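Engineer: Attaching a predicted model along with its sequence, questions to come.
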Amino acid sequence: MTRSAIAVSGLRKAYGDKVVLDGIDLTVAPGSIYSLLGPNGAGKTTMVNVLTTLLKADAGTIRVAGHDVATATRQVRAAIGVTGQFAAVDDLLSGRENLQLMADLKHIRSSDPIVTRLLERFDLVESADRMVSTYSGGMRRKLDLAMTLVGNPQIIFLDEPTTGLDPRSRRTMWAIVRELVAEGGTIFLTTQYLEEADQLADQIAVLHQGRLVAEGTPEELKRQVGGSHVQFRFAEIHELETAARLLPESTRDDEELTLRVPHDGESRSLVALLNRLDQQSINAQEFSVRTPDLDDVFLALTDQTSTKPTSKEAIAR
């Protein structure tokens, strides 16, 4: 593996007058999970298709596993595995037959026990000889990922791999992804689940309107949107209005009847805040203390990209 598993500089892709990717720069370290976040239509799948040689970039330099995707397509494809948004399995074959077909396409010798090992690893032994049309969504996604691992790829691209899965199946997939990285693999992950990126990613990039608007670790991105806050919920609008006048530094939401107040995270200041409300006979129906999460980051960056820093250094500040 080269120093960078993936290195992208100046990537641009457009369809006619519509620019989908506009000057993308990113680097993915070997043995890490790099997650690309973005709203629908931001260009995430286009990015994956370019990096995996399925689309040609209009401009820029892209190296995957040390190979130029434009001039060394065969070498790139030999080094990667790809799991798309929808399970690419054949419903008319059994799980075992799907894996064997992939092994044959990869020219893996018949004596290699790869099919058996993957069935065992993904807990598909009991269902191995059933037609895939009888599989649940979680089983289909596990089989799809197992097929991706045939040939032992260095870099695995997962394009929204847990879409449509129930929480239990999603966490099973998370465990498998962590195992792959622990074994030395590199994962490039796109996801619509912010919790998924928070749980898995070493580095996160936020893609919006064709540009990377932020990049950093989950903690660096969370620091960008400020400190913690206390959220109060009231039963009546007049209570919310009274509390908002008492706490001019707060942000109100009339529809949800909530008030968001900046907070330093210390218990002493929380008690003081509650006492201020009590002294004015203001009774909150409920309150909670929140620290920034990736939901806050995502909404801030995709709503106000013009005022947000775009470099990792700016985020760290």
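Structural biologist: Cool, got the structure. Since we're looking at a predicted model, the values are computed, not measured.

Engineer: Could you pull out the buried residues of the helix or strand where residue 8 lies?
Structural biologist: If you go by DSSP states H and E, residue 8 is part of strand 6-15. By 16 or more other CB atoms under 10 Å, the buried positions in strand 6-15 come out as 6-8, 11-13. Bear in mind the C-beta positions are built from the backbone N, C-alpha and C, glycine included.

Engineer: what's in contact with it?
Structural biologist: Strand 6-15 is contacted by residues 19-28, 34, 43, 46-47, 50-51, 55, 57-65, 155, 186, 188 when judged by CB atoms under 8 Å, 6 or more residues apart in numbering.

Engineer: Would you mind checking which of the buried residues of strand 6-15 is nearest to residue 160?
Structural biologist: Nearest to residue 160 among the buried residues of strand 6-15 is residue 6, at 18.1 Å by CB to CB.

Engineer: any idea how far residue 93 is from the closest one?
Structural biologist: According to CB to CB, to the nearest Å, residue 6 stands 32 Å off from residue 93.

Engineer: quick one: what helix or strand has residue 35 in it?
Structural biologist: Secondary structure from DSSP H and E places residue 35 in strand 33-37.

Engineer: And that strand, what does it pack against?
Structural biologist: helix 44-51, strand 186-190, helix 194-200, strand 203-208 (3 or more CB pairs under 8 Å, 6 or more residues apart in numbering; DSSP states H and E).

Engineer: Ranked by average pLDDT, which of these falls at the bottom?
Structural biologist: Among the helices and strands packed on strand 33-37, helix 194-200 carries the lowest mean pLDDT, at a mean of 89.

Engineer: show me what contacts residue 35?
Structural biologist: Applying CB under 8 Å, 6+ apart, the residues contacting residue 35 are 189-191, 196-197, 200-201, 203-205.

Engineer: quick revisit: output the buried residues of strand 6-15 in JSON lines, with distance to residue 161 and pLDDT appended to each entry.
Structural biologist: Shown next, in JSON lines, are these (distance: CB to CB, whole Å; pLDDT from 0 to 100):
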{"residue": "6", "distance to residue 161": "18", "pLDDT": "97"}
{"residue": "7", "distance to residue 161": "23", "pLDDT": "97"}
{"residue": "8", "distance to residue 161": "21", "pLDDT": "97"}
{"residue": "11", "distance to residue 161": "23", "pLDDT": "97"}
{"residue": "12", "distance to residue 161": "27", "pLDDT": "96"}
{"residue": "13", "distance to residue 161": "23", "pLDDT": "96"}
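
Engineer: Columns distance to residue 276 on top of these, output as CSV?
Structural biologist: Converted to CSV, the buried residues of strand 6-15 look like this (distance: CB to CB, whole Å):
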residue, distance to residue 276
6, 51
7, 53
8, 51
11, 52
12, 53
13, 54
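
Engineer: wait, which of the residues you listed is closest to residue 134?
Structural biologist: Nearest to residue 134 among the buried residues of strand 6-15, with distances taken as CB to CB, is residue 6, at 37.0 Å.

Engineer: Dig out what the closest one forms beta bridges with.
Structural biologist: Under DSSP bridges, the beta-bridge partners of residue 6 are residue 28, residue 64.

Engineer: separation between it and residue 67?
Structural biologist: Using CB to CB, we find residue 6 at a distance of 11 Å from residue 67.

Engineer: quick revisit: orientation of the strand holding residue 8 relative to strand 186-190 in degrees?
Structural biologist: Going by axes from the mean of the first three to the mean of the last three CA atoms, to 10 degrees, strand 6-15 is angled at 30 degrees with respect to strand 186-190.

Engineer: That'll do, ta.
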